[in-house]
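Student: Test case, fold it:
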Amino acid sequence: ERELEFRCQCGGNTSVLESRLLALPKYLILHLKRFKLTENLVMVKLEDPIILCREMTVTAYQGDQLYSLISVISHVGSSVRKGHYVSNGLHPDHTLEDGEDQWLHFNDIYVLETSGAMVSEWSTEDSYVLIYQRRAWPALV
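Tutor: Predicted structure coming up:
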């Protein structure tokens, strides 16, 4: 939700813009803005730390849906012109439902086994693209 400056015949000068999703996709891709233009029109990298949510609930008209993080793309480097992209993803031999926290770290030809907990720790300042997958609500025990 954000406030917009607007003038209408009724005398009001502000309005509110609200966006809602009608239907939720199987995959939700979030692109974080990690670069910005300065007043001098120089592109700089933002390294503000974030907390990666491994699971999140998204609300739509059709109801709430649970999403789990399955991949993170990060930009490792000090600027727009210097850096390298790496990716972390849920291990293909494991599902979100099996309770395993096996992930893979992809860095060019190198592939290392890791965990989602480590990915969350590594990616707080460099994460650039987050990919979530819709999943069923866990059964209550």
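
Student: give the contact list for the closest residue to L112 other than its chain neighbours.
Tutor: Sequence neighbours aside, H105 is the residue nearest to L112 in space, at 4.5 Å (criterion: CB to CB, 6 or more residues apart in numbering). Placement of C-beta: from N, CA and C, glycine included. With contact taken as CB atoms under 8 Å, 6 or more residues apart in numbering, H105 is in contact with 86-88, 111-114, 119.

Student: For the biggest strand by length in the chain, report the contacting residues that lie outside it.
Tutor: Counting residues, the longest strand found in the chain (DSSP state E) is strand 63-76. Applying CB under 8 Å, 6+ apart, the external contacts of strand 63-76 come out as 24, 28, 34, 45, 52-58, 83-90, 96, 116, 119-120, 122-123, 126-138.

Student: Quick one: mark the members of the contacts of H105 that sit in helices.
Tutor: Residues of the contacts of H105 located in helices (DSSP state H): V119.

Student: Give me the contacts around stretch 112-121.
Tutor: 52, 54, 69, 72, 88, 90-91, 101-105.

Student: Keep only those of those that are in strands.
Tutor: 69, 72, 88, 90, 102-105.
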